[in-house]
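Coordinates only, no sequence provided:
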């Protein structure tokens, strides 16, 4: 048994206070935790766009593309991706964006849906970023009718990042090869 101290020092009281402070701090951290959407961010038409990372398979340099006759103009060509023939698409016309030439920083974002995988040509891949859902503004109904592939915008550090609706984009008949 520990002898009592005359200086008012009580280890049980101090440990109790430390425990309360610890749990208080954890509660505050949980209250401050914000919901984050992990997205692949890239540029198209000089603007920043993103989509959820679960649609992304990989990011590659633009390989030699083979043109295919009698397909929609969105399909810029096909390429061999480890033995799989994959279509490369330029979705900027679908988003009503300018189409500057895709230069050396250009990349292909290989995306997958439940039916197929395809490559989206972009001017630059900026990487994976966690975007705070508190910074998200959903598209208005009128904007959604004009731009059906846009879910809304993230406003991050004075910069707008447009969130694409990849389910709608990948289900669009405009990108399905053989359907005109």
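Cool, the structure landed. Owing to the predicted nature of the structure, the values given are computational and were not obtained by experimental measurement. Numbering: from 1, shown residues only.

who does the residue sitting nearest the centre point of the chain bridge with?
Nearest to the geometric centre of the chain sits residue 39, at 2.1 Å (C-alpha atoms, centre = their mean). With DSSP bridges as the criterion, residue 39 is bridged to residue 52, residue 129.

Check which residues of the strand or helix carrying residue 78 are buried.
Using DSSP states H and E, residue 78 sits within strand 75-81. Residues of strand 75-81 classed as buried by neighbour count (16 or more other C-beta atoms under 10 Å): 75, 76, 77, 78, 79, 81. For the C-beta atoms, the positions are set from N, CA and C on the backbone; glycine is no exception.

May I see those arranged in CSV, with pLDDT and distance to residue 137 as well?
Listed next are these as CSV, based on pLDDT from 0 to 100; distance: C-beta to C-beta, whole Å:
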residue, pLDDT, distance to residue 137
75, 89, 32
76, 90, 32
77, 91, 36
78, 93, 37
79, 94, 36
81, 92, 35
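
picking that back up, surely the residue nearest to the centre of the chain touches residue 129?
Yes: look at residue 39 against residue 129 with C-beta atoms under 8 Å: they come within range, at 6.0 Å.

Determine the residues that are contacts of both of the two.
Counting by C-beta atoms under 8 Å, 6 or more residues apart in numbering, the residues touching both residue 39 and residue 129 are residue 50.

Now do the contacts for the residue nearest to the centre of the chain.
50, 51, 52, 53, 128, 129, 130, 131, 161, 163.

ok, and the most crowded of those residues?
Counting neighbours by other C-beta atoms under 10 Å, the top entry in the contacts of residue 39 is residue 51, with 25 neighbours.

For it, give me its contacts.
39, 40, 111, 163, 164, 166.

And those residues, which two are furthest apart?
Pairwise distances across these peak at 14.4 Å for 111 and 163 (criterion: C-beta to C-beta).

Now the nearest residue to residue 96 once chain neighbours are set aside: phi and psi?
Once flanking residues are discounted, residue 96 sits nearest to residue 147: 7.4 Å by C-beta to C-beta, 6 or more residues apart in numbering. Dihedral pair for residue 147: phi -130, psi 80, per degrees, to the nearest 10.

I figured residue 147 hits residue 95, correct?
Yes: Residue 147 lies in contact with residue 95 (C-beta under 8 Å); the separation is 6.9 Å.
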